[in-house]
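Participant: Below is the structure, and that's it, no one-letter string:
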């Protein structure tokens, strides 16, 4: 089994869109997912927004593959800090559930870290839903730790 990660290209759009759809279906029902899916998740039409990320010269879109089949993706966007430095915000990272546990995510993170260093970013930032312990643990293996906690309370039943 060969695990690889690389910068995505136009011919990856359909596979990425399928993964975006899977991510939203998987994350929406977990704790924090209902608001996330309406506030932060990618909006339709997914193919147009994926292409916009691919076309943006400062964004990185990565695909993770097993034996050439795309089973994961990530989107990283530089964010300017108030002091002029920049960090890389991992806006999306997802591996299909059947492809987890074999280092696809780790291979994508290695690609992301190298890109971030080459872009002279000072760090990486992302989020994990409070009901998604696996994502939190995954990020912690790469040294990403909580720096803020977002809170929410519904005002109706």
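Facilitator: Here it is on my side, so go on. Computed from a predicted structure; not experimentally measured.
Participant: Going by C-alpha atoms from here, please, whenever you check contacts or count neighbours.
Facilitator: OK.
Participant: Contacts made by the lengthiest strand in the chain with the rest, please.
Facilitator: Assignment by DSSP state E gives strand 69-80 as the longest strand of the chain. Here strand 69-80 makes contact (Cα atoms under 8 Å, 6 or more residues apart in numbering) with 15-16, 19, 53, 58-65, 86-96, 99, 104-105, 108, 112, 121.
Participant: mean confidence score for it?
Facilitator: Regarding strand 69-80, the rounded mean pLDDT is 98.
Participant: after it comes which helix or strand?
Facilitator: strand 86-95 (DSSP states H and E).
Participant: ranges for the helices of the protein?
Facilitator: Secondary structure of the chain (DSSP state H): helices at 13-27, 33-39, 46-55, 104-118, 133-141.
Participant: Now render these as CSV, adding distance to residue 153.
Facilitator: Converted to CSV, the helices of the chain look like this (distance: least, Cα to Cα, whole Å):
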stretch, distance to residue 153
helix 13-27, 19
helix 33-39, 10
helix 46-55, 29
helix 104-118, 32
helix 133-141, 21
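Participant: As JSON lines, those helices with mean pLDDT and mean neighbour count would be great.
Facilitator: Output for these, formatted as JSON lines (pLDDT from 0 to 100; neighbours: other Cα atoms under 10 Å):
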{"stretch": "helix 13-27", "mean pLDDT": "98", "mean neighbour count": "17"}
{"stretch": "helix 33-39", "mean pLDDT": "95", "mean neighbour count": "15"}
{"stretch": "helix 46-55", "mean pLDDT": "97", "mean neighbour count": "16"}
{"stretch": "helix 104-118", "mean pLDDT": "97", "mean neighbour count": "19"}
{"stretch": "helix 133-141", "mean pLDDT": "93", "mean neighbour count": "14"}
